[in-house]
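*Asks:* Got a predicted structure here, sequence first:
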Amino acid sequence: MELFGMPIVQIYLIVLIIAGLATLLYLFFSDMTEGIGEASPFLDPAVILPFITFWAAVGYILELVTAWNSGIIILLSLIAAFVLDLLLYFFVLLPLRSAEVSLAYTDESLQGQVGKVIVPVPVDGFGEIVIETVNGLISKRAAGYENKAIEYGKEVLVIEVKDGTFIVKEYEPFRFK
């Protein structure tokens, strides 16, 4: 079959090369087009470019390997591209988007955490606590809640954060009797 005066095999190959290069460019410059996929996930270049690439690749391979009618090959390659694109979207792109986790933290995000006193907290003074998180150990300046002294090694609960100082209270875990 010929399209635009060229054999369909050449068209598949040209589309495959152009879509592959466009996908490569999209990898490098995807931050500039980040908001495009927000309106509809099917308008996202990360979905459209692989669809075109899959369609051209399957069509090219089927044209070379089989002696089927070109119309059937176009239809089968569109179906295969749609299925492969759905698999890519649901099993690769969606999990990657939801996996964006930062190791950064704010002092306010540590409120309610339990830490341990490593420098005793005096009355009307400052000590130091250490909090164990998934990021590692974080040491912070601490003052006692209601100006109470807290001894070394005691577990404390972070009540609030004021000007970078953690206001802590001795931790009393709930225990069944």
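*Replies:* Happy to help now that I have it.

*Asks:* residues contacting Ala56?
*Replies:* Tyr12, Leu13, Val15, Leu16, Ala19, Ser77 (CB atoms under 8 Å, 6 or more residues apart in numbering). From N, CA and C alone the C-beta is placed, and that goes for glycine too.

*Asks:* Out of those residues, who's the most crowded?
*Replies:* Tyr12 (25 neighbours; other CB atoms under 10 Å).

*Asks:* Which helix or strand contains that one?
*Replies:* Secondary-structure assignment from DSSP states H and E places Tyr12 in helix 8-29.

*Asks:* buried residues in that helix?
*Replies:* Ile8, Ile11, Tyr12, Leu13, Val15, Leu16, Ala19, Thr23, Tyr26 (16 or more other CB atoms under 10 Å).

*Asks:* ok so, going back, and the contacts of Ala56, which is closest to Asp163?
*Replies:* The closest of those to Asp163 turns out to be Ala19 (CB to CB; 55.3 Å).

*Asks:* Would you agree the closest one is in contact with Ile48?
*Replies:* No. Contact between Ala19 and Ile48 fails when scored by CB atoms under 8 Å: they sit 9.3 Å apart.

*Asks:* can you list the domain ranges for this structure.
*Replies:* 2-98, 108-170 (automatic domain parsing).

*Asks:* what about the first one, how long is it end to end?
*Replies:* The distance separating the two terminal residues of domain 2-98, taken as CA to CA, to the nearest Å, comes to 44 Å.

*Asks:* Mean confidence (pLDDT) on that domain, please.
*Replies:* Mean per-residue pLDDT for domain 2-98: 86.
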